[in-house]
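S.K.: compute the structure for the input listed below.
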Amino acid sequence: MESEVRIKRIVLKRMERCIVCHRHFHPDDITVISRESEMWTMLVECTDCHARNFVAAVLNDGDPEEAQLALRRLSEQAVSDFKELQPPEIIAEAPFDTTSEPVSASDVVDMYEFLNTFDGNFKALIKP
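M.R.: Residues are numbered from 1 along each chain as shown. The predicted structure follows:
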């Protein structure tokens, strides 16, 4: 357990912040995926934006090329898993109305003017 804390500290020194939202990482953001004698693979996930990074820590005389290969396999597996996700079923889709007129430039100007003066009070807007 002490070695896990130490390795997480080293990873946090190298990866201080999320590259997407710049949130500082914490030890709880790191999940150890595999632990071998010469290499650990980990997932560092931002709890704010959910950006994920795979990290390989090479220990002792571990092979850096093997670490790169392990990271490549993890990345390929993540992409494969993502592609297999099915989109949620559409519960009900409103039919496309082909009888209505297209939006005109005048409609856009009217909406712009309305939104410029709209105070955000939807209750007053839809009140009978």
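
S.K.: any idea where the helices of this structure begin and end?
M.R.: Using DSSP state H, the helices found in the chain span residues 2-14, 64-84, 105-117, 122-126.

S.K.: Cys46: which of these is closest?
M.R.: For Cys46, the closest of the helices of the chain is helix 2-14, at 12.8 Å, according to CB to CB. To be clear about C-beta, it is placed using only N, CA and C from the backbone, and glycine gets the same treatment.

S.K.: any idea what the nearest residue to Ser75 once chain neighbours are set aside is bridged to?
M.R.: Excluding the flanking residues, the one nearest Ser75 by CB to CB, 6 or more residues apart in numbering is Phe54, at 6.2 Å. Under the criterion DSSP bridges, Phe54 forms beta bridges with Leu43.

S.K.: what's around Phe54, how many residues?
M.R.: Phe54 has 17 neighbouring residues, counting by other CB atoms under 10 Å.

S.K.: okay then, goodbye and thanks.
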